[in-house]
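sequence plus predicted model, see below.
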Amino acid sequence: MSVLIYAENADGKFKKSIFEAVSYARAIADQQNTALTAISIGDVNADELNSLAKYGADKILNAANAQLKNFVNQAYASVIAEAAKKEGADIVVLSNSFSGRGLAPRLGVKLDAGVVDGAVELPELNGGKFTVKKTAFSGKAFAVVELTSANKVIALTPNSYKIVEAAKAEKVEGFSVETNESDFKAMLKEIVRSTDKVSLPDAEIVVSGGRGLKGPENWGMIEELANLLGAATACSKPVSDSGWRPHSEHVGQTGIAVSPNLYIAIGISGAIQHLAGVSSSKVIVVINKDAEAPFFKVADYGIVGDAFEVVPKLIAAIKEHKA
Ligand code: FAD
């Protein structure tokens, strides 16, 4: 029995969400009184690999070969499953990222494991039962899932578990596994970045605008506020439907679900379909000129006022604070 964490990299670096997942996996290993092994796939340098020990990995496996340079869902799932078997890991943890969501069901099949994606808390171990709390219905509700299988795969929602340092000795080992042709039926050939801005699903702060902003020409202040805060920008569905902003910024039931530490909603009414994708944010700030706007019901802080007056004042105050 042990725990395996798949440490996914982006251009050779581990994101904050991976350190959260390593900390989470460490806590599960401690619950089970067992060891934690991390596996990295692709090109990652020694310093970066060693950083996984800082958050609790007892051992770090490095599966690097030319074929595995870019993410290939089937091949990566085969490597992780092999690592789990070799390490005797009965629990595999992933980040609930785009690739993590693709890998989790494949690992479920390969390891004959029960799968929980979107986990938000540590498993509860009560009377022999192993249950995990997860988001459900696009973040509108939580579900508690019992895993009855011997092997388990858990994908952790980014920003839902804090990073904890656990200083383990650095111990990196090479890991090679025979992949076969059928693992490479669908290959990633190229990644074309659409923007250099903070990526929305990973952002710790999101500044989001709605129809109350009247038109695309008014997004300058949203971007300025986001830049000052190191935040990603987002919008409501009608905003992207009207072509004011790209569809990649649309959050909600039919868009991206986000759970940043801070979500600032400006000129957004707070319709249930919008809330479905943002309500698990840690702190919600709402700026709306209508005191009856439904968004205020879920806000931690609310400012009733005209966005065209409030946002420039907010920008000026942040600039003054930073000066
Ligand atoms: P509005 O509802 O028009 O609200 C604008 C707000 O701005 C108002 O509260 C107003 O008081 C305020 N305002 C106006 N002027 C100012 C000002 N000067 N300063 C400050 N505040 C101001 N929506 C999503 O966002 N995401 C989804 O994923 C999504 N999926 C959907 C799926 C389905 C099946 C359906 C039916 C709908 C979906 N919607 C979704 C649409 C959703 O129901 C709402 O229509 C939408 O969220 C409203 O967008 P909004 O708040 O920007 O606009």
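In hand now; what should we look at?

relative to the whole chain's centre, how far out is the host helix or strand of residue 285?
Per DSSP states H and E: residue 285 is located in strand 283-288. In terms of C-alpha atoms, centre = their mean, to the nearest Å, the gap separating the centre of strand 283-288 from the centre of its chain is 22 Å.

buried residues, that strand. List them.
Neighbour counts over strand 283-288 (16 or more other C-beta atoms under 10 Å) mark 284, 285, 286, 287, 288 as buried. Every C-beta, even on glycine, is put in place using the N, C-alpha and C of the backbone.

contacts with the ligand among the residues you listed, please.
Applying C-beta under 6 Å from any ligand atom to those, one finds that 287, 288 fall near the ligand.

now, which of the buried residues of strand 283-288 sits nearest the ligand?
The ligand lies nearest to residue 288 out of the buried residues of strand 283-288, by C-beta to the nearest ligand atom, at 4.3 Å.

low-confidence stretches in the stretch 1-150 of the chain?
138-140 (pLDDT under 70).

can you map out the helices along it?
16-32, 46-54, 73-87, 98-110 (DSSP state H, counting those that start in this stretch).

what values do phi and psi take at the closest residue to residue 257 other than its chain neighbours?
Residue nearest to residue 257 in three dimensions, not counting chain neighbours: residue 277, with 4.3 Å by C-beta to C-beta, 6 or more residues apart in numbering. For residue 277, the backbone dihedrals are phi -100, psi 0 (criterion: degrees, to the nearest 10).

skipping adjacent residues, who's closest to residue 311 in space?
Once flanking residues are discounted, residue 311 sits nearest to residue 221: 4.7 Å by C-beta to C-beta, 6+ apart.

re the thing from before, out of the helices of the stretch 1-150 of the chain, flag the one nearest residue 264.
Among the helices of the stretch 1-150 of the chain, helix 16-32 comes nearest to residue 264, with 19.6 Å by C-beta to C-beta.

any idea of the angle the closest one forms with helix 46-54?
Angle between the axes of helix 16-32 and helix 46-54 is 40 degrees (criterion: axes from the mean of the first three to the mean of the last three C-alpha atoms, to 10 degrees).

export helix 16-32 as PDB, just CAs?
Provided in PDB are the C-alpha atoms of helix 16-32 (Å, rounded to 0.1, in the frame of the first residue of the first chain):
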ATOM      1  CA  LYS A  16       1.000  25.800  -7.800                       C
ATOM      2  CA  SER A  17      -1.900  23.400  -8.300                       C
ATOM      3  CA  ILE A  18       0.700  20.500  -8.400                       C
ATOM      4  CA  PHE A  19       2.200  21.500  -5.100                       C
ATOM      5  CA  GLU A  20      -1.300  21.600  -3.700                       C
ATOM      6  CA  ALA A  21      -1.900  18.100  -5.100                       C
ATOM      7  CA  VAL A  22       1.400  16.900  -3.600                       C
ATOM      8  CA  SER A  23       0.500  18.300  -0.200                       C
ATOM      9  CA  TYR A  24      -2.900  16.700  -0.500                       C
ATOM     10  CA  ALA A  25      -1.400  13.300  -1.500                       C
ATOM     11  CA  ARG A  26       1.100  13.600   1.400                       C
ATOM     12  CA  ALA A  27      -1.800  14.100   3.800                       C
ATOM     13  CA  ILE A  28      -3.500  11.000   2.400                       C
ATOM     14  CA  ALA A  29      -0.300   9.000   2.800                       C
ATOM     15  CA  ASP A  30      -0.100  10.200   6.400                       C
ATOM     16  CA  GLN A  31      -3.700   9.200   7.000                       C
ATOM     17  CA  GLN A  32      -2.800   5.700   5.600                       C
END
